[in-house]
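Peer 1: give me the fold of what follows.
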Amino acid sequence: MLDEQLEILYATWAIACTRVRQQLYHPGQPVAPCPQPPLWGEEMSAMMVLWIARERRLFECEMREIEYLLGLGGAR
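Peer 2: Numbers count the residues shown, from 1 in each chain. Prediction:
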């Protein structure tokens, strides 16, 4: 992936985090409007899906490790 595409991914991730936290912690407030998604070609869309899947797996592994380190029964 190109640096510019990674920058877009990380910026979009930050926006998603902000929106989710707002919905969780301030459900009465209106959610900020979403920016229009970029238009990706087929190959780039496939790469994005794979990148997101990898990040999701990484996050799940990190949460299991936190559970293990805190003695909460997380499997290693």
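Peer 1: how many neighbours does Thr12 have?
Peer 2: When neighbours are defined as other Cβ atoms under 10 Å, Thr12 has 15 of them. In short, each C-beta sits where N, CA and C put it, glycine included.
Peer 1: go on, Gln5?
Peer 2: Going by other Cβ under 10 Å, the residues that sit close to Gln5 add up to 15.
Peer 1: you'd agree it is up against Gly41?
Peer 2: No: counting by Cβ atoms under 8 Å, Gln5 does not reach Gly41; the two are 10.9 Å apart.
Peer 1: any residues in contact with both of these two?
Peer 2: Common contact partners of Gln5 and Gly41 (Cβ atoms under 8 Å, 6 or more residues apart in numbering): none.
Peer 1: state the three-state secondary structure for Leu39.
Peer 2: coil (DSSP: H, G, I helix; E, B strand; the rest coil).
Peer 1: element containing Met48, please.
Peer 2: Assigned by DSSP states H and E, Met48 belongs to helix 42-69.
Peer 1: what's that helix packed up against?
Peer 2: Applying 3 or more Cβ pairs under 8 Å, 6 or more residues apart in numbering; DSSP states H and E, we find helix 42-69 packed against helix 3-25.
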